[in-house]
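> I would like to see how this sequence folds:
(2 chains)
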Amino acid sequence: MVLCLVGCSQQRQQRELRSEADLSGLRVGVSTGTAHDLRLSSRTDLELHKFNSASDALLSLTKGKIDVFVEDDSSIPLCEMKRIGVRVAFYGDEAFPCGFPMRKDEKGLCDSLSHFIDSLIATGEMQEIHDRWFLSEDPTKSVMPDLPPKPAGKPIRVGSAIEMPPVSYHVGGVWLGFEPELMERFSRYAGRPVVIEYYPFASCPSALSSGKIDMFLGGVFITEERRETMDFPSSHFNSRSAYFVKDESSAVNAGFGTRLKKMVENNLLVENRWRYITDGLWETVKISVLSILSGTLFGAIICRLRMSQRKGVSRAAEAYINIMRGIPMLVFLMIMFYVIFAQAGVSGTFVAVVSFALIFAAYVSEMFRTAITAVGKGQTEAGLALGLTKWQTFIHVVAPQAVKNVMPVYKGEAISLLKSTSIVGYIAIQDLTRASDIIRSRTFDALFPLLIITFIYFILSWILGKSLDLITRSTQHKVPNTK
Amino acid sequence: MISIRHLCITFVNPDGSSFDALKDVSCEIRKGEVVGIIGPSGCGKSSLLRTINLMTPPTSGKILFEGENITAKGYPINRLRQRMGMVFQTFNLFEHLNVLGNVTLGPMKLKGVSQAEAEREAMQYLHQVGMDDMSTVMPADLSGGQKQRVAIARCLAMHPDVMLFDEPLSALDPSMVGEVQSVIRQLAQEGMTMLIATHRLKFARDVSSRVIFMNEGRIHEDGTPQQIFENPTRSTTKAFVQQIYKLWFTIEEDDFDIVGMHSKILQFCNKYNITDVIETAQQIINMMVLLVLADYRPLTVRLSYIEQLERVTLDFMIKGLSTSPLQDEGVDLSSLAIIRELGKKIVEEPTKLGFRVKVLL
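Got it, this is the predicted structure:
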């Protein structure tokens, strides 16, 4: 059995790929939701692996977990292929027109952009712009041409579904690439400023329909299916599919020290990429701490309501707890951002804090209740009989014991929340996990950024746990010491 | 000091049924009195105690404390409770505080006493209850008797006017009862006003200046320990204080289920741990019922056990008879002789309803 598997994989690598028909029997990787995904999903003679980002797929390819990765030819800059250790086996014959997806009700903006694109194509300027980014030896060194100053006014909000040269990427907070340049030029043409923000591809349609953005970038194929829900202006370039395979000839044989130095340089030092990590860390810490604080406060209120003598109040709190516990965090976060707070002009960080706090409150309120109930009724009676008021009894007698009871589970829940914040990338917040995604999408080195953030998350969890221990200790009454 | 007027407490169960714990209870507690409240389980002695500091609010009636109506709406209950210490059956020491912390919490949080002052005073009270050398121990590491003594010190630290003891000895091992009893006795000697609900009759008798006997939610008898324990006026009181347990049979016909009767006697004797008299009692009953008093029907047989006196008696009662059936002509003298041999003493006495032959075992 094992021999057979080894045999198979060797055979797979030896065969040279020439056309799509050769994919039969191979493990083929695609990015979820792309045209390649749609096209190859109907093939039953191959094993389809769907990835959320090209960098994940490329890592799988170089580690031999898949045999072929199908992506747009524009997705990986030529100069990076050698470094990553992949090459293009062949290009697809078909050319796919790409466009900017827009909302159906933005006819005016769509027509204006179409007119702008058409005129660029007519004058041949479009080809010039395209070539400057696509044929660049090192797109990370390319810069925007000088343009007239930014116009003022109501901004056109643009989402970018990718962060990868040469189509759309950013260096030090400035968006670069073929499509951002088009957007900047269109901004001058339309007399409105353009604001570009990263949104994961999966979140873009929701962001568009909820009005968070007016269009999005990312070399999106224009398909009939997509035309039904979105409008496209004229296509600004055609994309071909490229079939990437592992490049055996480019095996790196440098020593470990050299490789590590290269990794640190590439992932952290070039373009000050460590800034992504520190900015993301700050965002993660901010969201976690604020969510834990407000969630604990709200959880205490829910707990009070849940323990109310009045049936109606208690039932309402119970219903809240059951509902919140039944919704997956990611789904709730998306609903809050793209539906409930869609029109309100609040930041993603605020929405994230509110969402996490609401869910955290539901979990911890039940923990609080269990911990309070676990403190014997006799303790309350003794406090009351001594002459303490109900509130004093709670503060001086019940709460210190309940805090001690609840701390082990509460600590776990808080740390779990800290780690759950890694999903905020879906609502365009650049947290620690997103920082690693950005670096990975630029360096195509999946392992090193992941190891760094894993280590940082671990340290954060440890610090959080320790601080909660300290807080617990401070709530416990000082034990008087007298001989 | 405390006037209790027409107090009623009704507990309503979740299923809608209700239970009257106190039924129209009235009494006066004077300063310096040590009142022992006794009575069978469920008689309302705990309820009475717990209403006095309003841990259980009364359903109706009122309580005056030094002339103030404490059952009035809006009365500051917590200030009242600061003047009434309460000692619980289950101690209820604050588990998160050590011995000293338990005693200082009240004065520091309620009377604004400084920590140093509270601790100094706490040590005095701990010394009084013999716990001053364990001030830094956590409650979990104390024995029941030690816990109860700390609980008493905790009350004393609040300088209460009255102390309420709710079954203070019931959760203690027999070996620890003494140490707590002596602390309470000492308090009584110092003139502390105390109400003590207890089922330990000897303790109630020794420590109290006044005893209240409660039964079925009412005060049945109220008097000095001598009155209650030696000359109780009511039969319920007498049965309770002497701890008399009885078993009755009435034999109407000769086909009486005598085997059933013997098995009940067996159960009764096992229950009260008086197995040494089973055989004698059964022999005497057999001879009396089947031979000596065979002509008398209906015949009532009563087996009584007085725990306090450790006395077992058998009574044979015949209604409407004025002379002793043992003096009849033709009575079975040989059987009677055996009975006299088996029992310690035979008493023949007329009663209100007829005639009774009492055999002491």
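> my guess is residue B:62 meets residue B:71, correct?
Yes: contact criterion Cβ atoms under 8 Å: residue B:62 and residue B:71 qualify, at 4.5 Å. In short, each C-beta sits where N, CA and C put it, glycine included.
> comparing these two, which residue is more hemmed in?
Under the criterion of other Cβ atoms under 10 Å in any protein chain shown, the comparison of residue B:62 against residue B:71 puts residue B:71 first, with 20 against 14.
> ok, the more buried one touching residue B:58?
Yes: at 6.2 Å, residue B:71 counts as touching residue B:58 under the criterion of Cβ under 8 Å.
> what's the closest residue to residue B:343 other than its chain neighbours sitting at in phi/psi?
What sits nearest to residue B:343 in space, not counting adjacent residues and going by Cβ to Cβ, 6 or more residues apart in numbering or on different chains, is residue B:359, at 4.3 Å. Phi and psi for residue B:359, reported as degrees, to the nearest 10, are phi -120, psi 120.
> so what's residue B:359 up against?
Contacts for residue B:359 (Cβ atoms under 8 Å, 6 or more residues apart in numbering or on different chains) come out as B:284, B:288, B:313, B:314, B:315, B:316, B:339, B:343, B:345, B:346.
> ok, now how distant is it from residue B:351?
Plainly put, residue B:359 is 15 Å away from residue B:351 if you go by Cβ to Cβ, to the nearest Å.
> cool, and residue A:230?
Here the distance between residue A:230 and residue B:351 works out to 108 Å (Cβ to Cβ).
> residue B:341 in helix, strand or coil?
At residue B:341 the chain is in helix, as set by DSSP: H, G, I helix; E, B strand; the rest coil.
> just the pLDDT at it, thanks.
In this prediction, residue B:341 carries a pLDDT score of 89.
> please report how far residue B:120 lies from residue A:118.
The spacing between residue B:120 and residue A:118, counted by Cβ to Cβ, is 93 Å.
> before we move on, what about residue A:360?
From residue A:360 over to residue A:118 the distance is 52 Å, taken as Cβ to Cβ.
> more neighbours: which of the two?
For residue A:360 versus residue A:118, neighbours defined as other Cβ under 10 Å are more numerous around residue A:360 (25 against 14).
> hang on, the earlier thing: who's more crowded, residue A:230 and residue B:351?
The residue with more neighbours, out of residue A:230 and residue B:351, is residue A:230; 22 against 12, by other Cβ under 10 Å.
> that one and residue A:103 touch, don't they?
Yes: at 7.1 Å, residue A:230 counts as touching residue A:103 under the criterion of Cβ under 8 Å.
> name the residues contacting each of the two.
In the contact map built from Cβ under 8 Å, 6+ apart, the residues linked to both residue A:230 and residue A:103 are residue A:208.
> dump stretch B:75-85 to CSV, restricted to CA.
Extracted C-alpha coordinates of stretch B:75-85, given in CSV (Å, rounded to 0.1, in the frame of the first residue of the first chain):
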residue,chain,number,x,y,z
TYR,B,75,-37.5,49.4,58.8
PRO,B,76,-33.6,49.3,58.4
ILE,B,77,-33.3,45.5,58.8
ASN,B,78,-29.5,45.5,58.4
ARG,B,79,-29.1,47.9,61.4
LEU,B,80,-31.4,45.7,63.5
ARG,B,81,-29.3,42.7,62.6
GLN,B,82,-26.1,44.4,63.8
ARG,B,83,-27.6,44.4,67.3
MET,B,84,-28.8,40.7,67.1
GLY,B,85,-26.1,38.1,66.6
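> that one vs chain A: in contact?
Yes: Stretch B:75-85 reaches chain A (Cβ under 8 Å from any Cβ of the partner chain) through B:78, B:79, B:80, B:81, B:82, B:83, B:84, B:85.
> rebuild those as JSON lines, extending it with secondary structure.
Conversion of the residues of stretch B:75-85 next to chain A to JSON lines gives the following (three-state DSSP):
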{"residue": "B:78", "secondary structure": "helix"}
{"residue": "B:79", "secondary structure": "helix"}
{"residue": "B:80", "secondary structure": "helix"}
{"residue": "B:81", "secondary structure": "helix"}
{"residue": "B:82", "secondary structure": "helix"}
{"residue": "B:83", "secondary structure": "coil"}
{"residue": "B:84", "secondary structure": "strand"}
{"residue": "B:85", "secondary structure": "strand"}
